[in-house]
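1. everything below, folded, please.
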Amino acid sequence: MNIEQTVSAAVAGLHLGNTFTFDNLRHTVQDRRHRRLRIVELADLDAHDGLCAALLSTDAEDFVLHARSDSALHRQQFVLHELAHMILGHCDGDDCAVEEALLPNIPPYTRARLLTRQDLDSETEIAAESLADRLAAGIRGSVFAESAYSEVFG
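-> Model prediction:
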């Protein structure tokens with residue numbers, strides 16, 4: 001797997017251009033997956049607890065659950081990482097199904113795999129983080145472009 005090629009193809013496949021808003025990205029992901037996307041902060045959790053974010057899916061909705069952080073950019077990166085997993089097709093099977101994550105009798109290893117970023121050096125995690133970085137750059141570019149436009153044209 002060539003991660004750079006995979007990420008570049010994923011970005012191009014979104015058809016968002018070089019700059020876009022978070023809302024544009026969210027709507028694109030929802031449309032591609034044919035289900036609603038809900039992003040929920042888990043107020044009682046902190047990134048220091050080892051849980052940054054989790055992606056859970058039902059037939060009708062996707063949920064990105066993320067830890068609290070004082071940094072808006074940190075929270076955004078949590079969410080973009082999970083969106084990247086969706087965009088890259090890492091959650092197209094049962095791995096992110098809500099019923100698998102919420103049943104109390106699932107093995108602890110499975111729960112840990114779903115709820116934490118373990119094995120950060122795996123190709124899947126590296127690709128998701130690389131895509132999240134590219135998505136963040138596109139969102140930042142949109143903010144800067146709008147700001148420059150306002151400064152020049154009023």
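
2. where does the residue lying closest to His85 once chain neighbours are set aside fall, secondary structure wise?
-> Once its chain neighbours are removed from consideration, His85 has its nearest residue in Ala128; the separation is 4.9 Å (CB to CB, 6 or more residues apart in numbering). C-beta: built from backbone N, CA, C; applies to glycine. Taking DSSP states H and E as the criterion, Ala128 maps to helix 123-153.

3. name the helices or strands packed onto that helix?
-> Using 3 or more CB pairs under 8 Å, 6 or more residues apart in numbering; DSSP states H and E as the contact definition, the elements that helix 123-153 packs against are helix 3-14, helix 22-33, helix 72-87.

4. that one: which residues count as buried?
-> 125, 127-132, 134-136, 138-139, 142 (16 or more other CB atoms under 10 Å).

5. so what's the residue nearest to Asp62 when sequence neighbours are not counted up against?
-> Residue nearest to Asp62 in three dimensions, not counting chain neighbours: Leu37, with 4.9 Å by CB to CB, 6+ apart. The contact partners of Leu37, by CB atoms under 8 Å, 6 or more residues apart in numbering, come to Arg26, Val29, Gln30, Glu61, Asp62, Phe63, Val64.
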